[in-house]
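Student: Sharing a sequence plus its predicted fold:
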Amino acid sequence: MREYLKMPTVRTNPRTGEALFVATFAPFPGLMALPMATLAQSLGARLWEDAPTVFLVGKLAAALLIAASVFVQADMGPESERANIDHA
């Protein structure tokens, strides 16, 4: 995992004494993929038995989140009304 994607914790590995790390985004990406997994499950996918389907559902969820972030960034662009609010 890249250094900027992980944060050190106060815990250490009891065997080696090395610091333990967690992902920067914690469980949120997985929680955001939960609706996609639920939909796939309701359509008959057996996620607990089919690793390629889990990979596909995860990739689709990630693609939807990336697409949503582009729309959010576009909405906050310099010509948007939100960007022109006077903060005086």
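Tutor: Everything's here; your move.
Student: Tell me where this structure has strands.
Tutor: 6-12, 19-23 (DSSP state E).
Student: looking at the ones you listed, which is buried most?
Tutor: Of these, the one with the most neighbours on average (mean count of other Cβ atoms under 10 Å) is strand 19-23, at a mean of 13. For every residue, glycine as well, the C-beta is placed using N, CA and C.
Student: can you count the residues close to residue 68?
Tutor: Residue 68 has 11 neighbouring residues, counting by other Cβ atoms under 10 Å.
Student: which helix of the chain spans the most residues?
Tutor: Determined from DSSP state H, the single longest helix within the chain is helix 51-75.
Student: For this structure, which residue occupies the most central location?
Tutor: When Cα atoms, centre = their mean is applied to the chain, the residue found nearest the centroid is residue 29 (2.4 Å).
Student: Report the contact partners of it.
Tutor: If a contact means Cβ atoms under 8 Å, 6 or more residues apart in numbering, then residue 29 has 62, 65 as its contacts.
Student: Offset the numbering so it begins at 17, please.
Tutor: All set: I'll call the first residue 17, so the last point we hit is now residue 45.
Student: quick one: pLDDT of it?
Tutor: In this model, residue 45 is scored at 73, pLDDT.
Student: From residue 34, how far off is it?
Tutor: According to Cβ to Cβ, to the nearest Å, residue 45 and residue 34 sit 25 Å apart.
Student: go on, residue 56?
Tutor: Between residue 56 and residue 34 the computed distance is 37 Å (Cβ to Cβ).
Student: More neighbours: which of those two?
Tutor: Regarding residue 56 and residue 34, a neighbour count based on other Cβ under 10 Å identifies residue 56 as having more, with 20 against 8.
Student: what's the nearest residue to that one if we skip its chain neighbours?
Tutor: residue 73 (4.9 Å; Cβ to Cβ, 6 or more residues apart in numbering).
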